[in-house]
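J.: Next come a sequence and a model predicted from it.
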Amino acid sequence: MDVLWAPWRSKYISEASKKKDDSCIFCDFPKSTNDKEHLIVYRGKFNFVILNAYPYNPGHIMVVPYRHVSSIELLSDEEALELFSIVKRAIKILRKVYSPDGFNLGINIGRVAGAGIDQHVHVHIVPRWNGDVNFMPVIGGIKVLPELLEDTFNKLYKEFNNEDEAFDR
């Protein structure tokens, strides 16, 4: 096995763990009433749905508890039940709107697991299509997204807030 030594990482990790920034977009955004500005497409009692501002694919959303907790096991039973009910409904809506061939679901708990916002747990839902990975990211370092975030917001907001479809809680 080849080993790649990167001793500078030790300094990076120790400095990153010392940063004390109390701001959290997942706490701050829902306090605003401007859902479109903050890309919030649905508000439940304990959780909300927000578009990823840097999506892997069109329709990349996150289901986020309002309460600031760092890991899934810290959620109350009510919060967890609603969170996964919203995940279930989100997949149904994304199938209707985008007709993906599959999904990636992810909960990254802790920075080491890949969480960009590691102190506020959230569930990523990423629609996937056959052939959605191509040469552009590999060769050009560019990800091509065929839809504006505003268009994604409008489509998903309409579906999540459709009064004709009752939300089973």
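T.: Thanks, I have the structure now.

J.: from the chain's centre, how far out does stretch 54-61 sit?
T.: For stretch 54-61, the separation from the chain centroid amounts to 8 Å (computed by C-alpha atoms, centre = their mean, to the nearest Å).

J.: Put the alpha carbons of it into CSV.
T.: The C-alpha trace of stretch 54-61 is given here as CSV (Å, rounded to 0.1, in the frame of the first residue of the first chain):
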residue,chain,number,x,y,z
TYR,A,54,-24.3,24.6,-4.8
PRO,A,55,-26.2,21.5,-6.2
TYR,A,56,-24.6,18.4,-7.6
ASN,A,57,-27.6,18.1,-9.8
PRO,A,58,-30.9,19.9,-10.5
GLY,A,59,-33.3,19.2,-7.6
HIS,A,60,-30.6,18.7,-5.0
ILE,A,61,-32.3,19.5,-1.7
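
J.: Check the gap between the nearest residue to residue 80 once chain neighbours are set aside and residue 61 for me.
T.: Sequence neighbours aside, residue 72 is the residue nearest to residue 80 in space, at 7.1 Å (criterion: C-beta to C-beta, 6 or more residues apart in numbering). Glycine gets a C-beta too; all of them are placed from N, C-alpha and C. From residue 72 over to residue 61 the distance is 17 Å, taken as C-beta to C-beta, to the nearest Å.

J.: Ok, residue 122 next?
T.: For residue 122 relative to residue 61 (C-beta to C-beta), the value is 10 Å.

J.: Would you quantify the distance from residue 59 to residue 119?
T.: In terms of C-beta to C-beta, residue 59 sits 26 Å off from residue 119.

J.: Tell me the confidence at residue 142?
T.: If you check residue 142, the pLDDT there is 56.

J.: start at 27 instead
T.: Got it, the first residue is 27 from now on, which makes the last one we talked about residue 168.

J.: In terms of packing, which of residue 85 and residue 145 has more residues around it?
T.: Comparing residue 85 with residue 145 by other C-beta atoms under 10 Å, the one with more neighbours is residue 85, at 24 against 16.

J.: State whether the more buried one is indeed within a strand.
T.: No - per DSSP: H, G, I helix; E, B strand; the rest coil, residue 85 lies outside any strand segment and is coil.

J.: got a pLDDT number for residue 156?
T.: Listed pLDDT for residue 156 reads 89.

J.: And the pLDDT for the nearest residue to it once chain neighbours are set aside?
T.: Closest residue in space to residue 156, ignoring its immediate chain neighbours: residue 127 at 5.0 Å, by C-beta to C-beta, 6+ apart. Looking at residue 127, its pLDDT is 96.

J.: ok, the spatially most central residue of the chain to residue 156 distance?
T.: In the chain, the C-alpha nearest the mean C-alpha coordinate belongs to residue 88, at 2.7 Å (C-alpha atoms, centre = their mean). According to C-beta to C-beta, residue 88 stands 24 Å off from residue 156.

J.: That'll do, ta.
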